[in-house]
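>>> only the shape, not the letters, is given here:
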């Protein structure tokens, strides 16, 4: 399966899970064939990454999965927080689940909204910030080095 197909399947799968009632699954299920995790199992309050500051909630799914070559994270950026402007070292996909915000890519700023997918390429600089009146929830997917 191509890497782009894997990313697409991951995004479709998590969008299905996010439509379930809150706490529909409240435990990690780890078998030889699959791992099921829910937000409640992995949620952790953290400052904005890359020196972005403010409060965020990070969801690092499958962090302990053996031989997984993909990082799959969700992050809720609270109003006043951000992911700081930083240099990208590998292909990385941001997908906006909810809220509105702005993304700065290579000194160009543009609005982002639910349904937007942004591919950042190695060598690019970027940051993302929620609008002042809402939280911004995003998925982040990239290859683990």
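On my side now, so go ahead. Just so it is clear, the structure is predicted and the values come from calculations on it, not from any experiment.

>>> and the helices in the protein?
Defined through DSSP state H, the helices belonging to the chain, from first to last, are 3-18, 39-42.

>>> these: lowest mean pLDDT?
Least confidently modelled of these is helix 3-18, at a mean of 46 by mean pLDDT.

>>> by mean pLDDT, point me to the weakest helix or strand of the protein.
The helix or strand with the lowest mean pLDDT-type score in the chain, counting by mean pLDDT, DSSP states H and E, is helix 3-18 (a mean of 46).

>>> mind listing the strands for the chain?
Assignment of strands within the chain using DSSP state E yields the ranges 29-30, 35-36, 43-47, 55-61, 70-77, 83-87, 92-98, 101-105, 108-112, 117-120, 125-130, 136-143.

>>> tabulate these in JSON lines, adding columns for mean pLDDT.
Below are these laid out as JSON lines (pLDDT from 0 to 100):
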{"stretch": "strand 29-30", "mean pLDDT": "76"}
{"stretch": "strand 35-36", "mean pLDDT": "94"}
{"stretch": "strand 43-47", "mean pLDDT": "96"}
{"stretch": "strand 55-61", "mean pLDDT": "97"}
{"stretch": "strand 70-77", "mean pLDDT": "98"}
{"stretch": "strand 83-87", "mean pLDDT": "96"}
{"stretch": "strand 92-98", "mean pLDDT": "98"}
{"stretch": "strand 101-105", "mean pLDDT": "98"}
{"stretch": "strand 108-112", "mean pLDDT": "98"}
{"stretch": "strand 117-120", "mean pLDDT": "97"}
{"stretch": "strand 125-130", "mean pLDDT": "98"}
{"stretch": "strand 136-143", "mean pLDDT": "97"}
